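Trainee: no sequence on this one, just coordinates:
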């Protein structure tokens with residue numbers, strides 16, 4: 001029996017021209033639909049996660065430690081993060097800083113800014129090691145830093161290694177004798193670095209020539 005013009009298959013019945021193919025906002029979703037855009041992968045945590053060590057411009061940043069801290073308030077505990085960062089230019093300048101924030105990137109940023117503001121310059125011998133041995137303490141931390149011959153490398157671990165790498169030291173032997181707290185270790189190491197002096201500074205202070213200072217040291221070593 002032939003269907004009427006207004007039946008199921010006619011222009012006004014059943015599914016018209018716009019019913020079979022759904023609009024762009026239907027099943028085949030647009031840019032904001034099922035096929036998510038570039039910013040829909042939850043911030044790109046998998047591929048864009050910041051590395052512990054990174055080089056930004058002329059500075060080398062070393063993330064030594066990051067801890068989760070809690071503050072007890074009236075409604076419960078409020079969590080945050082504390083970061084400890086070492087920054088250096090690899091040419092004799094280095095600094096450290098700590099920062100606290102509710103998020104990890106913000107804590108690292110605060111620590112990095114503090115480290116850059118408090119950088120110190122350390123004289124190096126031949127741009128690879130120290131001029132003399134140093135023993136320094138800070139609180140319960142005690143460190144021993146010794147100059148090393150060429151090719152020895154950085155014989156140190158933990159926070160001390162991060163400091164030497166950021167400073168640009170190539171050959172050094174270091175040992176932490178006291179506590180393993182990274183804060184005290186770093187502060188003890190920086191206390192040792194501030195006591196490093198070059199033969200030129202010693203000669204200027206004593207009113208002598210550099211050759212006299214170095215000659216006397218070589219003579220003592222020869223007698224020993």
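Mentor: That came through fine. Since the structure is predicted, the reported quantities are computational estimates derived from the model, not experimental observations.
Trainee: can you pull out the helices in this structure?
Mentor: 17-20, 104-117, 159-167, 182-194, 199-206, 210-223 (DSSP state H).
Trainee: Buried deepest among those, which one?
Mentor: Ranked by mean neighbour count, the helices of the chain are led by helix 159-167 with a mean of 25 (mean count of other CB atoms under 10 Å). The C-beta positions use only the backbone N, C-alpha and C, and glycine is treated the same way.
Trainee: Need the residues that contact that helix.
Mentor: Identification of contacts with helix 159-167 by CB atoms under 8 Å, 6 or more residues apart in numbering yields 60-62, 64-65, 84, 86-88, 90, 92-94, 96, 122, 124, 143, 154, 156, 172, 174, 176, 182, 185-186, 189-190, 193.
Trainee: how far off helix 182-194 does it point, in degrees?
Mentor: 50 degrees (axes from the mean of the first three to the mean of the last three CA atoms, to 10 degrees).
Trainee: about what we covered before: so can I have a markdown table of the helices of the chain showing distance to residue 148 and mean pLDDT?
Mentor: Listed next are the helices of the chain as a markdown table, based on distance: least, CB to CB, whole Å; pLDDT from 0 to 100:
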| stretch | distance to residue 148 | mean pLDDT |
| --- | --- | --- |
| helix 17-20 | 79 | 48 |
| helix 104-117 | 26 | 95 |
| helix 159-167 | 11 | 93 |
| helix 182-194 | 15 | 93 |
| helix 199-206 | 18 | 84 |
| helix 210-223 | 16 | 60 |
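Trainee: No further queries at this time; thank you.
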